[in-house]
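A.B. asks: after the sequence you'll find the predicted model.
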Amino acid sequence: MSAPHETGTSDKTGTFDETGTFDETGTFDETGTSRSAEDATPTIESAPREPERPVGLGLGGWLRWAWRTLTSMRTALILLFLFALGSVPGSLYPQRAVDPARVAQYFQNSPAEAKWLDRFWLFDVFTSPWFAAVYLLLFISLAGCVLPRALLHVKEIRRRPPAAPRNLLRLPYGEAFEGDLTVEAAAATLRRKRFRVVTGPGWVAGEKGYLRETGNLLFHVALLALLLAVGAGGLYGYRGNVLVVEGDGFANAVAAYDRFMPGQRVTAESLEPFSFTLKDFSASYVAAGPKQGQPLDYLARLSVRDSPASAPHDVDLKVNDPLDVNGTLTYLIGHGYAPTFKVTDGKGQVAFDGPVPCLADDQATYTSECVIKVPDAQPTQLGFLARFLPTTVPNGDAWVSIFPGAVNPTVQVFPFGGDLGFKSGRPQSVYQLDTTKLKPLGTMSAQPKPLKVGETRELAGGAGKIQFTGVREWISLQVTRDPGRLPALLAAAAAVIGLVLSLTIRRRRVWVRVKDRQITVGGLTRTEGGGAAFSEEFAEIAAALRGGPPAPSEDRPAGDEHAAPGARPDEE
């Protein structure tokens, strides 16, 4: 045994750990006890320092955190779910942009509920602030998520497949055989199967399935394009609703609409200058059987001028078959009856003569309710509530309609006289009559005797008379111009194609090693759930390389560390 050093300190500072590795972290003192390098250094006393305060993220850190959170895939999925969920009320409740008459009827039937729904924009879902907020956040999230992935995918496509591993039989799929295969022949075989191929000394690497990620990116980019198309339609498009009675016309001007909703970039000069006249409207129904009264077809015959200088031409307008004038579409969305009346006041003057659009109270029989307001009647203003029955039959002491077609049309009239309230300046609905300041003209009955076409009813107190002169029909139209319609269609088609690619294509790699006459083939799939399909493909590749039919093989789970059946022991 050698004697210890005279100073009691080792020549080099350090110790040997349990593995025999030298650790230069300490010294041995005179007693032979190890002490750290810090203990060996003289300490200098100093004033105690205050503990350092943790540094906050700051404005820049919070902005980076917010951006990363917003552009994460989880946030995008949540926003996409909210976008779909927010669209549900647009299908459950009538929308002012589509059917303002149903919205007005909703307010009439359930005023308290309608008031609360309107506070949350549930009658204008797709133009509400909360829907716009979800829409914009979803667009930003998808853009921030997809664009960096697209750049990475471009780099991935340009990257060469990796070189062959040393032991291919340790891969999930492997096979070894003898043959006269060369590297060039193996590369040609993989190229024929549409693999991207690189070669090296004694090996070939092939890879394919990049279209899977390409399809995934195409799907997300198409969603972005779809959102952009919808946004462009909202900025540069417009939508309007109008009710037209048979015999009347319509010109595409802002003043002619009952309701007009332009985009922010739309002006009065942006409207296409077309016009048309409703010549006739016909509706056909099932006449008998268990489906009696069910509608079969609706047809509106129009005389259309594409511009003020063009000649008129006839167009048949049907449901889901709109009138198209240079990209402006006119849809048939509803219809109803407009009985015509002639009102003579107490002084013998004709105060009203024309059609009155009625709203259907019963969609099965088209029993409808109308309001007639005659502010020019003398000596007192007149107002009428009317119930229109298309096919009238007696039912005890009452009259009802049993068919939606106008087979036996009649009208029950409820007359009132007094101040209609036009001088107050408050807006009024043409489908409602405020009877608080009016008095009935005659005895009121819940079921008055209906008037047939051509019959007249005299009003009490010499206030005049009302005559039921005929029946017309009206149609409600929606005129829209959406420049983003075709881009949205193309984006939706691209999204479907991208989704199909991402779900059907698998990413996989194949390697071949050639040494003397020993050929080793290995492969793996980089897509979960693609093992069964790749097993068959790998067997075909191995058979093509071997030059014979595919050999029966057993699938081995990914990560199996054992050689494939048939491998030689020295190759493990």
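C.D. replies: Ah, there it is.
A.B. asks: quick check: phi and psi on the residue lying closest to Gly461 once chain neighbours are set aside?
C.D. replies: Leaving aside its chain neighbours, Gly461 sits nearest to Leu441 (6.3 Å; criterion: C-beta to C-beta, 6 or more residues apart in numbering). Backbone N, C-alpha and C define where each C-beta goes, glycine included. In terms of degrees, to the nearest 10, the main-chain angles of Leu441 are phi -100, psi 90.
A.B. asks: quick one: neighbours of Leu441, just the number.
C.D. replies: When neighbours are counted by other C-beta atoms under 10 Å, Leu441 registers 25.
A.B. asks: these two touch, right, it and Leu459?
C.D. replies: Yes: contact criterion C-beta atoms under 8 Å: Leu441 and Leu459 qualify, at 4.8 Å.
A.B. asks: what touches both of those two?
C.D. replies: By C-beta atoms under 8 Å, 6 or more residues apart in numbering, Leu441 and Leu459 have these common neighbours: 382, 415, 417.
A.B. asks: for those residues, which one is nearest Leu227?
C.D. replies: Set against Leu227, the nearest of those by C-beta to C-beta is Leu382 (53.9 Å).
A.B. asks: any idea how many residues pack against the closest one?
C.D. replies: Applying other C-beta under 10 Å, we find 28 residues neighbouring Leu382.
A.B. asks: the residue positioned nearest the centre of the chain in helix, strand or coil?
C.D. replies: Centroid-nearest residue in the chain: Ala84, 6.4 Å away (criterion: C-alpha atoms, centre = their mean). Secondary structure, DSSP: H, G, I helix; E, B strand; the rest coil: Ala84 is helix.
A.B. asks: what does Ile475 give?
C.D. replies: Assigned state for Ile475: strand (three-state reduction, three-state DSSP).
A.B. asks: which element is the residue nearest to Arg509 when sequence neighbours are not counted on?
C.D. replies: Distances taken as C-beta to C-beta, 6+ apart put Glu207 closest to Arg509, at 4.7 Å, once the chain neighbours are dropped. If you go by DSSP states H and E, Glu207 is part of strand 203-208.
A.B. asks: mind checking what helix or strand follows that strand in sequence?
C.D. replies: By DSSP H and E, the next helix or strand past strand 203-208 is helix 210-236.
A.B. asks: in that next one, what counts as buried?
C.D. replies: Within helix 210-236, the residues that count as buried by 16 or more other C-beta atoms under 10 Å are 211-234, 236.
A.B. asks: and for stretch 415-424?
C.D. replies: By 16+ other C-beta under 10 Å, the buried positions in stretch 415-424 come out as 415-418, 420-421.
A.B. asks: take these and keep only those in strands.
C.D. replies: Mapping these onto strands (DSSP state E) picks out 415-418.
A.B. asks: which residues sit against the particular helix or strand that has Gly383 in it?
C.D. replies: Using DSSP H and E, the element containing Gly383 is strand 382-389. The contact list for strand 382-389 (C-beta under 8 Å, 6+ apart) reads 337, 339, 341, 343, 345, 351, 356, 358, 367-374, 399-401, 409-418, 420, 433, 435, 438, 441, 450, 459, 463-464, 466.
A.B. asks: then it to CSV, C-alphas only?
C.D. replies: Extracted as CSV, the C-alpha positions of strand 382-389 are listed here (Å, rounded to 0.1, in the frame of the first residue of the first chain):
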residue,chain,number,x,y,z
LEU,A,382,-113.1,52.7,-41.6
GLY,A,383,-111.2,49.6,-40.6
PHE,A,384,-112.0,45.9,-41.3
LEU,A,385,-110.8,42.6,-39.9
ALA,A,386,-111.4,39.9,-42.5
ARG,A,387,-111.1,36.1,-42.4
PHE,A,388,-110.6,34.5,-45.8
LEU,A,389,-111.8,30.9,-46.4
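A.B. asks: mind checking how far it is from the chain centre?
C.D. replies: Offset of strand 382-389 from its chain centre (C-alpha atoms, centre = their mean, to the nearest Å): 43 Å.
A.B. asks: what do you get for stretch 300-312?
C.D. replies: How far stretch 300-312 lies from its chain's middle: 35 Å, per C-alpha atoms, centre = their mean.
A.B. asks: tabulate the CA atom coordinates of that stretch in PDB.
C.D. replies: Extracted in PDB, the C-alpha atoms of stretch 300-312 (Å, rounded to 0.1, in the frame of the first residue of the first chain):
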ATOM      1  CA  ALA A 300     -95.200  31.900 -60.900                       C
ATOM      2  CA  ARG A 301     -95.300  33.200 -64.500                       C
ATOM      3  CA  LEU A 302     -93.300  36.400 -64.900                       C
ATOM      4  CA  SER A 303     -92.700  38.900 -67.700                       C
ATOM      5  CA  VAL A 304     -89.100  40.000 -67.200                       C
ATOM      6  CA  ARG A 305     -87.000  42.900 -68.500                       C
ATOM      7  CA  ASP A 306     -83.300  42.400 -67.900                       C
ATOM      8  CA  SER A 307     -82.800  46.100 -68.300                       C
ATOM      9  CA  PRO A 308     -85.000  49.100 -69.100                       C
ATOM     10  CA  ALA A 309     -84.000  49.000 -72.800                       C
ATOM     11  CA  SER A 310     -84.400  45.200 -73.300                       C
ATOM     12  CA  ALA A 311     -87.500  43.500 -74.500                       C
ATOM     13  CA  PRO A 312     -89.700  41.500 -72.100                       C
END
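A.B. asks: how far does stretch 166-175 sit from its chain's centre?
C.D. replies: Stretch 166-175 sits 47 Å away from the centroid of its parent chain (C-alpha atoms, centre = their mean).
A.B. asks: can you measure across it, start residue to end residue?
C.D. replies: 14 Å (C-alpha to C-alpha, to the nearest Å).
A.B. asks: sorry, back to before: ok, then the element right after the strand holding Gly383?
C.D. replies: As assigned by DSSP H and E, the chain's next helix or strand after strand 382-389 is strand 392-395.
A.B. asks: now the helix or strand following that following strand: buried residues?
C.D. replies: The helix or strand immediately downstream of strand 392-395 is strand 398-401, counting by DSSP H and E. Residues of strand 398-401 classed as buried: 399, 401 (neighbour count, 16+ other C-beta under 10 Å).
A.B. asks: could you do stretch 91-99 as well?
C.D. replies: Buried residues in stretch 91-99, defined by neighbour count with 16+ other C-beta under 10 Å: 93-99.
A.B. asks: do the same with stretch 452-461
C.D. replies: Buried, per 16+ other C-beta under 10 Å, within stretch 452-461: 453, 457, 459.
A.B. asks: good, we can wrap up now.
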